[in-house]
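Undergrad: following is a predicted model, sequence given first.
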Amino acid sequence: MKKLLVILLPLTVILAALPPPPQEALWKKVEDANKKGLPKTAIRHLREIEKATLEKKAHGEHIKAFTKRIALEGTIQGNKPEERIIRLQKEAGNTPAEVRPVIDAVLANWYWHYFQRNRWRFMQRTQTGEPPGDDFQTWDLARILAETGKQFDKALSAAPQLKKIPVGQYDSLLTKPNNIPDSYRPTLFDFLAFESIKFYQAGEQAVNKSQFAFEISANSPVFDDVDAFLQWKPKTGDERSPLLRAIQVYQDILLFHRND
């Protein structure tokens, strides 16, 4: 699965009263601190990078430094996936509006990664009549899937903004499939849309089906030509169906690129 990754790359950081060091210098300090087992030192340098990249509007670089710092802070607290999620939940709302959609997608991926590492726990839990709390470590299967989907939807709600951002601007942050060139998925919207589709089509979604789950019939427009498919608005009481959301996102992608 194509996932969002945190990868360290060089970045010029402007220090007060001093000329900017070579791009590699500060990232080298982060790398050296990590090798020496000094996460607090690495975190200090990452905060410098966050500040500098925010001023320069280097959003991809900013997110890399931000998420790497969150992950390292989680490492200090026991190196558990839940720690970095808790920290990202707390800080996501304070991030600049320009980068928030990508941060939302990062949180969605971290939820999904947490589920995959703890699949057996979620599969053993049964739904109760009690409304689930805010502690994602106690959620059942339905809740973790629903919240992950909400995060992807939250990211894609910024589609007008994302469609204007060339995916190449985030090359150092994203892991792309080797066999698909940027010309096929040229914007950040395309990348995040296909990320969400992979989640909505995951096999675990089938385990969570309700008795009123939305289904695709053999004579539905999904098997018709593009125009018929784009005009299709399935009627169902299962509005949060993962299958329905996958169809809707596919339609959004096709509409966006209809005149390409």
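TA: Cool, the structure landed.

Undergrad: pull the contacting residues for the spatially closest residue to Thr236 that is not a sequence neighbour.
TA: Distances taken as CB to CB, 6 or more residues apart in numbering place Phe214 nearest to Thr236, at 4.3 Å, with adjacent residues excluded. All C-beta spots, glycine's among them, are computed from the backbone N, C-alpha and C. Phe214 is in contact with Pro234, Thr236, Asp238, Ser241, Leu243, Leu244, counting by CB atoms under 8 Å, 6 or more residues apart in numbering.

Undergrad: same thing but 10 Å
TA: Phe214 makes contacts with 234-245, 247, as judged by CB atoms under 10 Å, 6 or more residues apart in numbering.

Undergrad: most neighbours out of those residues, which is it?
TA: Pro242 (24 neighbours; other CB atoms under 10 Å).

Undergrad: any regions of this structure where pLDDT drops low?
TA: Scanning the chain for pLDDT under 70 picks out the ranges 1-24, 123-133, 206-211.

Undergrad: centre of the chain versus stretch 99-111, how much separation?
TA: 4 Å (CA atoms, centre = their mean, to the nearest Å).

Undergrad: repeat for stretch 55-70
TA: Taking CA atoms, centre = their mean, one finds stretch 55-70 lying 14 Å from the centre of the chain it belongs to.

Undergrad: list the buried ones in that stretch?
TA: 58-70 (16 or more other CB atoms under 10 Å).

Undergrad: for that stretch, C-alpha coordinates in CSV please.
TA: Taking C-alpha atoms only, stretch 55-70 is exported to CSV below (Å, rounded to 0.1, in the frame of the first residue of the first chain):
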residue,chain,number,x,y,z
GLU,A,55,8.4,30.7,6.9
LYS,A,56,9.4,29.5,3.4
LYS,A,57,6.1,27.8,2.7
ALA,A,58,8.0,24.6,2.0
HIS,A,59,5.0,22.6,3.1
GLY,A,60,6.2,19.1,2.2
GLU,A,61,9.4,19.7,4.1
HIS,A,62,7.4,21.1,7.0
ILE,A,63,5.2,18.1,7.3
LYS,A,64,8.2,15.8,7.2
ALA,A,65,9.9,17.6,10.1
PHE,A,66,6.6,17.9,12.0
THR,A,67,5.6,14.2,11.7
LYS,A,68,9.2,13.0,12.4
ARG,A,69,9.2,15.0,15.6
ILE,A,70,5.9,13.6,16.6
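
Undergrad: i'd like the first residue to be 706 from this point on
TA: Yes, from this point I'll number from 706; that puts the last item at stretch 760-775.

Undergrad: just the ones of the buried residues of stretch 760-775 in helices?
TA: Among these, DSSP state H puts His764, Gly765, Glu766, His767, Ile768, Lys769, Ala770, Phe771, Thr772, Lys773, Arg774, Ile775 in helices.

Undergrad: pretty sure the fifth one is touching Leu812, no?
TA: No. In this structure, Ile768 sits apart from Leu812 without contact. The criterion is CB atoms under 10 Å, and the distance is 11.7 Å.

Undergrad: enumerate every residue touching Gln874.
TA: Gln874 neighbours (CB under 10 Å, 6+ apart): Ala763, His764, Gly765, Glu766, Thr892, Leu893.
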